[in-house]
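Chemist: Let's see this in three dimensions:
(4 chains)
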2 protein chains.
Amino acid sequence: MHVTKPSPTARERIVAGAADMISRRGLNATSIRETAKHARAPLGSTYHYFPEGKQQLATEAVRLTGAWAARSLRKELEAGPVAGLRAFLDLWRGIVVDSDFRAGCPVLAVSIEEPPADETPTALAAAAGVFEEWEGLLAGSLREHGAEPEQAAQLATLIVAAVEGTVAMCRAKRSTQPLDHTAAQLQALIVGAIRD
Amino acid sequence: MHVTKPSPTARERIVAGAADMISRRGLNATSIRETAKHARAPLGSTYHYFPEGKQQLATEAVRLTGAWAARSLRKELEAGPVAGLRAFLDLWRGIVVDSDFRAGCPVLAVSIEEPPADETPTALAAAAGVFEEWEGLLAGSLREHGAEPEQAAQLATLIVAAVEGTVAMCRAKRSTQPLDHTAAQLQALIVGAIRD
DNA sequence: GCTAGACTATGACGGCTGTTATAGCCAGTG
DNA sequence: CACTGGCTATAACAGCCGTCATAGTCTAGC
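Modeler: Numbering: from 1, shown residues only, chains lettered A, B, ... in the order given. Below you'll find the model as predicted:
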């Protein structure tokens, strides 16, 4: 009686748990001890899998979330930019609602915490990369459907920024109304942009 | 030889410093000890002025920032929604650039940190109130200039969310390009909305 | 001058933090 | 069989955290 699906490894559980905890409490308030406990992994294992410590763990958590959202975005964009937007919004709406307005986007959370020292923190660079990946996917789809290149790039930035900001507003207000507002406005914007 | 301008009281210095530190490192990573030191105030004074502790201090920091931005917004909106948007964007652009991409919006920072327990945290409620104040100012101006009420409310939400998200993206990318993109898109949107 | 109340100074409390070190287990290989 | 290398368990380190308590200082009003 063992599971047929390959259950995630301890390493994967730690990264996924870290992403969830960061999305709820922010990077600084997410401790490695609790992350390990949450993943039912011993503390020692954390430093075995992530020898560079917390920065490495945060970096991988950001990249995991980025790839997860990008996968969904890429797939739904095949049906056009409006469908892609809808999928992107629904993805975050699900996180916000399922967590009772307690979780958000870990990429945003990492982006707004000051780097600890003078060196360039890898987690922050990873967050920038994730934002650029999302923007690139959206901009490409907009161009394919007739939007001007510059317009497409600007609109893609607006979409990513607005969704991230809206998720935060929903958490503060404990309401999904901001998501409804943003969804309606962005959808109309996209329709106007690809209609040339 | 004493200053003629009334120098801010210790209490005001503590709140302003807390707002700055929260905007850089997030709420959980901002310690009361460092806040007091940054304001050249003794630690004991912090609990004298803010008997309810960190929550109260965070709440006042959020409200201070909210009122500060609302004042600027209200004034510039007299020249129309486009001027208001420009002022709002420039205000945050100044913070991001002056801090070398290390500071952002403390209201956003408070919004994305999980409430500590089951009680309703006052700081989070204050953040929700600030967002609503900003949205109300923008929506009112949009309506006055001919936008449909529902359109005005939706657009106001989009503007606030997009600006907050864009500031975070600028910090991650260490670039003001996202602000340029968002500014162009939002300005065009407003022009279209008030042209009826 | 003197007293009340606002403010400061100092120290302590238990608890959590990131990180490292060291010793042990236990599967798989030869 | 031995043994190697991936993983675990446990403990320790120095340091910071929010909060509270207490004693001291200063200043405004009588």
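Chemist: so where does A:F88 fall, helix or strand?
Modeler: Element membership for A:F88, per DSSP states H and E: helix A:81-98.
Chemist: after that helix comes which helix or strand?
Modeler: Helix A:81-98 is succeeded, C-terminally, by helix A:106-111 (DSSP H and E).
Chemist: So what touches that following helix?
Modeler: Under the contact criterion C-beta atoms under 8 Å, 6 or more residues apart in numbering or on different chains, helix A:106-111 has outside partners A:19-20, A:22-23, A:26-27, A:58, A:61-62, A:65-66, A:123-124, A:126-128, A:130-131, A:164, A:167-168, B:26, B:112, B:165, B:168-169, B:171-172. C-beta: built from backbone N, CA, C; applies to glycine.
Chemist: quick revisit: can you list the residues that contact the helix holding A:F88?
Modeler: Here helix A:81-98 has contacts from A:23, A:69, A:72-73, A:75-77, A:103-105, A:134, A:137-138, A:141-142, A:145, A:159, A:163, A:166-167, A:170-171, A:176, A:179, A:182-183, A:186-187, A:190-191, A:194, using C-beta under 8 Å, 6+ apart.
Chemist: mind listing what's buried in that helix?
Modeler: A:81-82, A:84-89, A:91-93, A:95-96 (16 or more other C-beta atoms under 10 Å in any protein chain shown).
Chemist: what's the answer for stretch A:148-165, then?
Modeler: Within stretch A:148-165, the residues scored as buried using 16+ other C-beta under 10 Å are A:151-165.
Chemist: Near the closest residue in space to A:T182 that isn't next to it in sequence, how many residues? Count them for me, please.
Modeler: Spatially, and ignoring its direct neighbours in sequence, A:T182 is nearest to A:T166 (4.3 Å; C-beta to C-beta, 6 or more residues apart in numbering or on different chains). By other C-beta atoms under 10 Å in any protein chain shown, the residues close to A:T166 number 30.
Chemist: Where does A:T166 fall, secondary structure wise?
Modeler: helix A:149-173.
Chemist: Packing partners of that helix?
Modeler: helix A:81-98, helix A:106-111, helix A:122-144, helix A:177-194, helix B:106-111, helix B:122-144, helix B:149-173, helix B:177-194 (3 or more C-beta pairs under 8 Å, 6 or more residues apart in numbering or on different chains; DSSP states H and E).
Chemist: Do the fifth one and DNA strand D come into contact?
Modeler: No. Legend: contact between helix B:106-111 and DNA strand D by C-beta under 7 Å from any atom of the strand is lacking; minimum distance shown is 13.6 Å.
Chemist: average pLDDT for that helix?
Modeler: Here helix B:106-111 scores 98 as its mean pLDDT.
Chemist: What residues of that helix count as buried?
Modeler: So helix B:106-111, judged by 16+ other C-beta under 10 Å, has buried residues B:106-111.
Chemist: So which of these is the closest to B:G53?
Modeler: Within those, the smallest distance to B:G53 is 14.9 Å, found for B:V110 (C-beta to C-beta).
Chemist: Could you measure from the closest one over to B:L89?
Modeler: Distance, B:V110 to B:L89, by C-beta to C-beta, to the nearest Å: 21 Å.
Chemist: And A:R25, by the same measure?
Modeler: 29 Å.
Chemist: what does chain A put close to DNA strand D?
Modeler: Counting by C-beta under 7 Å from any atom of the strand, the residues of chain A close to DNA strand D are A:10, A:41-45, A:48-49.
Chemist: and DNA strand C, which of those residues reach it?
Modeler: Within the residues of chain A next to DNA strand D, those near DNA strand C by C-beta under 7 Å from any atom of the strand are A:43-44.
Chemist: Lowest-scoring secondary structure element of chain A by mean pLDDT?
Modeler: helix A:43-49 (a mean of 90; mean pLDDT, DSSP states H and E).
Chemist: In CSV: the helices and strands packed on helix A:149-173, plus distance to A:V15.
Modeler: Converted to CSV, the helices and strands packed on helix A:149-173 look like this (distance: least, C-beta to C-beta, whole Å):
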stretch, distance to A:V15
helix A:81-98, 17
helix A:106-111, 11
helix A:122-144, 12
helix A:177-194, 27
helix B:106-111, 24
helix B:122-144, 28
helix B:149-173, 20
helix B:177-194, 27
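Chemist: Which one, of these, ends up nearest to DNA strand C?
Modeler: Proximity to DNA strand C (C-beta to the nearest atom of the strand) singles out helix A:122-144 among the helices and strands packed on helix A:149-173, at 11.6 Å.
Chemist: And the average pLDDT for that closest one is what?
Modeler: Regarding helix A:122-144, the rounded mean pLDDT is 97.
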